[in-house]
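Novice: sequence and predicted model, in that order:
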Amino acid sequence: LFRSEGDLRLACHFADLAGWAAPDDPEVHAARAEIFLARRKAEPSLMSKGIFAAAARESQVVVEAHAPTDG
């Protein structure tokens, strides 16, 4: 949905709200990471790119913590 509408700023706000509401949900955080990475890619400012990448990494940590392990 966020890709077709093109409002990544609003999508990031909603992704943050979802992440705060479900801090341990890997599906929510996988989507949040994807949205923030899309915003990073679209952003011309180097400082903003770093901020959006950091937000994506925060969610990727949650996703990785809930990933099944082999062993």
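Specialist: Alright, I've got the coordinates.
Novice: check which helix or strand Gly50 maps to.
Specialist: For Gly50, the host element (DSSP states H and E) is helix 46-65.
Novice: mind listing what's buried along that helix?
Specialist: Phe52, Ala53, Ala55, Ala56, Ser59, Gln60, Val62, Val63 (16 or more other Cβ atoms under 10 Å). C-beta coordinates here come from the backbone N, C-alpha and C atoms, glycine included.
Novice: what's the angle from the host helix or strand of Leu17 to helix 46-65?
Specialist: In this assignment (DSSP H and E), Leu17 forms part of helix 8-21. Relative orientation of helix 8-21 and helix 46-65, computed by axes from the mean of the first three to the mean of the last three Cα atoms, to 10 degrees: 40 degrees.
Novice: contacts for helix 8-21 next, please.
Specialist: With contact meaning Cβ atoms under 8 Å, 6 or more residues apart in numbering, helix 8-21 is reached by 1-2, 5, 28-29, 31-32, 35-36, 38-39, 42, 52, 55, 59.
Novice: for it, buried residues please.
Specialist: Leu8, Ala11, Cys12, Ala15, Ala18, Gly19.
Novice: next structured bit after that helix?
Specialist: In N-to-C order, the element after helix 8-21 by DSSP H and E is helix 26-42.
Novice: with the buried residues of helix 46-65 in mind, which one is nearest to Pro23?
Specialist: For the buried residues of helix 46-65, the residue nearest Pro23 by Cβ to Cβ is Val62; the value is 7.3 Å.
Novice: so who does the closest residue to that closest one other than its chain neighbours touch?
Specialist: Nearest non-adjacent residue to Val62, counting by Cβ to Cβ, 6 or more residues apart in numbering: His29, 4.0 Å away. By Cβ under 8 Å, 6+ apart, the contact set of His29 is Gly19, Ser59, Gln60, Val62, Val63.
Novice: could you dump the residues you listed into TSV and include pLDDT and distance to Leu46?
Specialist: Compiled in TSV, the contacts of His29 are given as follows (pLDDT from 0 to 100; distance: Cβ to Cβ, whole Å):
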residue	pLDDT	distance to Leu46
Gly19	98	24
Ser59	98	21
Gln60	98	21
Val62	97	26
Val63	97	26
